[in-house]
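Peer 1: pasting the sequence and the predicted model now:
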Amino acid sequence: MFTIKSTVGIIGSGAMGNGIAQVAATASHAVMVYDSNEKALIKAEAALRSSLTKLVEKQKISAEKQTEILSNIRFVKSLNDLASCDLIIEAIVENLEIKKSVFSNLEKIVSDTCVLASNTSSLSITSIAAACAKPERVIGIHFFNPATLMPLVEIIPGIATRSDLALACKKLIDTWGKVTVIAKDTPGFIVNRVARPFYSEALRLYEEGIADMPTIDWAMKEIGGFKMGPFELMDLIGHDVNYVVTETVWKQFYYDPKFTPALSQKRLLEAGFLGRKTGRGFYSYAEGSVMPEATKNKELGTQIFTRILVMLINEAADTFYHKIASAGDIDLAMTKGVNYPKGLLKWADELGIDNVVKQLTALKDFYEEDRYRVSPVLKQYFVLKKKFYS
Ligand SMILES: NC(=O)c1ccc[n+]([C@@H]2O[C@H](COP(=O)([O-])OP(=O)(O)OC[C@H]3O[C@@H](n4cnc5c(N)ncnc54)[C@H](O)[C@@H]3O)[C@@H](O)[C@H]2O)c1
C-alpha cells in the first residue's frame, strides 16, 4: 500500500507535527507540512533547521543527510497543496470539532486512496472518522513527545477503519525506525491509560500523608528503577497537560473511580502553578530554591513502590483483559513510550500473580473503594496458576 516514494502530508506544524515531519523526511519520504498559522510554519522551519544542525554537530547524521532531509520537506500555505499525498497525519489542536472539520475538508482535496491519520492523544478515532465520507481510510497514528526521539507509535484503527489498514500503517512506520503497537480505539489507548496510576496512586499516598513528595519520588527511582519520580515527572509534563489527560480518561470511562483525578493537582492547575515551565508546580524551581530531601527509609520506600506498582499492573492487566492490546504490545508500549524499566505484565509474572492479587485485595479491603478492585484476569490467573508469559 505504501512505498518509499509515498508522499506524506502533515497538518499542524507544532511540537508534534514538526517532529513527525522530520521522522518521515529522514525515512526518505517527500513531506509536505501545512499549518493554518503562517507564523507557526516559519517557526517550525527554523526549529527543523536548528534540530538537524545539532544532529550534524553531534555526528548523529551527516551534512549530506541534513541536506537530503531538508530537501524532502516543503512547508506549504494551503491545505490544497496536500492533494498529491498518499498519507496525511494530522497533528493540530486537540479539539474534536476542529479535527472533524479538517478531515472533512481534506477528503474534498485528496485522492480516494489517501490514508488520513490523526495523532490525537485522547479523542476517539471513530468519531473523527465519522466526519468523513470514507471513514474506512481513517486511523490513529499516535507518536510520543518528542517524536524524533521517542520510539513508540500506537496505531489505532477506529471501528469503521478498513481491516488491512492498521497492519499497512504498522509496516510503514516500522520502516521509519519506530516501535509500533496496535491498540483498540478506547480512552488513552495503551500508554495514557496504563500510566494513570503512576501519578494518581502517588498523589493518593501524598494526600493521605503516608509519605511526602520527595520520598515517593525517591522510592520510585531508587527502589523501582523508574527514570523519574511521579511528582518530578508531572512537573516536567506540566499540570495543564497531565491533569487534563487524567480528567479526560476519567470522564471518557464514565467516571470510573480508578481514574478519579486528585484535588491537589487540580489546585495547582487553578493556581497556574503548571510545573517547571512556570517555575512552580509540586516543587519550586525558582532561583535559589532547594529541593526538599527524601526520607530514605527502605521499608517505607518499598511500601510506596509496591503499592504504585501493583496498581500499574492492575491497569495493564485490565487493558489486556478488555483486549485493548496484546500482553506483548502493552509491555512494549510502556517500556518504549514512557521508559518504564520493565513491562508491567512481565513484572507481574516475576512478582507472582498471587502476590499482586494479595496486595491489591488488601488495598480493596482497607479502603472499600471500587478504585482498588482487582482485574478479573489477575483473579483468573491466580486461580489457574497462570502467567502472562509462559
Ligand atoms: N504535545 C504532546 O506531548 C503530544 C503527544 C502526543 C500527541 N499529541 C497530540 O498531537 C496534536 C498536536 O499537539 P502539539 O503538542 O503538537 O500541539 P501544538 O499546539 O504544538 O501545535 C498545533 C499546531 O496546529 C496548528 N493548527 C491548529 N488548528 C489548525 C487547523 N485547523 N489547521 C491547520 N493547523 C492548525 C497550530 O497553529 C499549531 O501550530 C494534538 O492532537 C495532541 O493531542 C501531543
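Peer 2: It's in.
Peer 1: which parts of the protein sit against the ligand?
Peer 2: Within the chain, the residues that sit near the ligand (CB under 6 Å from any ligand atom) are 11-17, 35-37, 40, 91-94, 98, 102, 119-121, 143-145. Where C-beta positions appear, they are placed from N, C-alpha and C, glycine not excepted.
Peer 1: which PyMOL command selects the buried ones in the residues you listed?
Peer 2: For anyone working in PyMOL, the buried entries among the residues of the chain next to the ligand, judged by 16 or more other CB atoms under 10 Å, can be selected with:
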select buried, resi 11+12+13+14+16+17+35+36+40+91+92+94+102+119+120+121+143+144
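Peer 1: quick one, what contacts the residue in the stretch 51-200 of the chain that the ligand sits nearest to?
Peer 2: Of the stretch 51-200 of the chain, the residue with the smallest distance to the ligand, taken as CB to the nearest ligand atom, is Asn145 at 3.3 Å. By CB atoms under 8 Å, 6 or more residues apart in numbering, the residues touching Asn145 are Ala15, Met16, Gly19.
Peer 1: try it again at 10 Å.
Peer 2: By CB atoms under 10 Å, 6 or more residues apart in numbering, Asn145 lies in contact with Ala15, Met16, Gly19, Ser121, Ile237, Val241.
Peer 1: name the residue of the stretch 151-300 of the chain that lies nearest to the ligand.
Peer 2: Closest point on the stretch 151-300 of the chain to the ligand, by CB to the nearest ligand atom, is Val241, at 6.5 Å.
Peer 1: one step back: could the contacts of Asn145 be laid out in TSV, adding pLDDT?
Peer 2: As requested, these are exported to TSV (pLDDT from 0 to 100):
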residue	pLDDT
Ala15	91
Met16	94
Gly19	96
Ser121	91
Ile237	92
Val241	91
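Peer 1: cross those residues against helices and list the overlap.
Peer 2: Within the contacts of Asn145, membership in helices is found for Ala15, Met16, Gly19, Ile237, Val241, as judged by DSSP state H.
Peer 1: got a list of what the last one touches?
Peer 2: Spelled out, that is Val241. Counting by CB under 10 Å, 6+ apart, Val241 has contacts Glu94, Ser121, Asn145, Met234, Leu269, Leu274, Gly275, Lys277.
Peer 1: what about the last one, how many residues close to it?
Peer 2: Lys277: 15 surrounding residues under other CB atoms under 10 Å.
Peer 1: without its sequence neighbours, what residue ends up closest to it?
Peer 2: Nearest in space to Lys277, with sequence neighbours left out and distances taken as CB to CB, 6 or more residues apart in numbering, is Gly238 at 5.7 Å.
Peer 1: return the residues in contact with the spatially closest residue to Ser326 that is not a sequence neighbour.
Peer 2: Spatial nearest neighbour of Ser326, chain neighbours left out: Phe320 (7.6 Å); criterion: CB to CB, 6+ apart. Counting by CB under 10 Å, 6+ apart, Phe320 touches 190, 194, 326-331, 344-345, 348, 375, 377-378, 388.
Peer 1: mind listing what's buried in the helix or strand where Phe320 lies?
Peer 2: Using DSSP states H and E, Phe320 falls within helix 298-321. By neighbour count, with 16+ other CB under 10 Å as the criterion, the buried positions of helix 298-321 are 300-301, 303-320.
Peer 1: do the same with stretch 325-343
Peer 2: Counting neighbours by 16+ other CB under 10 Å, the buried set in stretch 325-343 is 325, 327, 329-338, 340, 342-343.
Peer 1: go on, stretch 148-165?
Peer 2: Counting neighbours by 16+ other CB under 10 Å, stretch 148-165 gives 148, 150, 152-158, 160-162, 165 as buried.
Peer 1: likewise stretch 59-72?
Peer 2: Of the residues in stretch 59-72, those buried by neighbour count under the rule 16+ other CB under 10 Å are Gln66, Ile69, Asn72.
Peer 1: related to what we said a few turns ago, what's the closest of the contacts of Val241 to Glu107?
Peer 2: Lowest distance from Glu107 to the contacts of Val241 (CB to CB) belongs to Glu94, with 20.9 Å.
Peer 1: so the closest one sits against Thr120, correct?
Peer 2: Yes: taking CB atoms under 10 Å as the definition, Glu94 is a contact partner of Thr120 at 6.4 Å.
Peer 1: shared neighbours of these two, which are they?
Peer 2: Applying CB under 10 Å, 6+ apart, one finds that no residue jointly contacts Glu94 and Thr120.
Peer 1: can you list the buried residues in the helix or strand containing Lys358?
Peer 2: Assessed by DSSP H and E, Lys358 sits inside helix 353-367. Neighbour counts using 16+ other CB under 10 Å place Ile353, Val356, Val357, Gln359, Leu360, Thr361, Leu363 of helix 353-367 among the buried residues.
Peer 1: list the neighbours of that helix that are in contact with it.
Peer 2: Contacts of helix 353-367 (CB under 10 Å, 6+ apart): 201, 204, 208, 306-307, 309-311, 313-314, 317, 345, 347-349, 351-352, 369-375, 377-388.
Peer 1: now these: which count as buried?
Peer 2: Neighbour counting with 16+ other CB under 10 Å marks 201, 204, 306-307, 309-311, 313-314, 317, 345, 347-349, 371-375, 377-379, 381-382, 388 as buried within the contacts of helix 353-367.
Peer 1: mind checking the SS state of the closest residue to Phe226 other than its chain neighbours?
Peer 2: Nearest residue to Phe226 in three dimensions, chain neighbours excluded: Met220, at 4.6 Å (CB to CB, 6+ apart). The three-state label given to Met220 by DSSP: H, G, I helix; E, B strand; the rest coil is helix.
Peer 1: isn't Met220 right next to Met234, touching?
Peer 2: No: under the contact definition of CB under 10 Å, Met220 does not touch Met234, with a separation of 12.0 Å.
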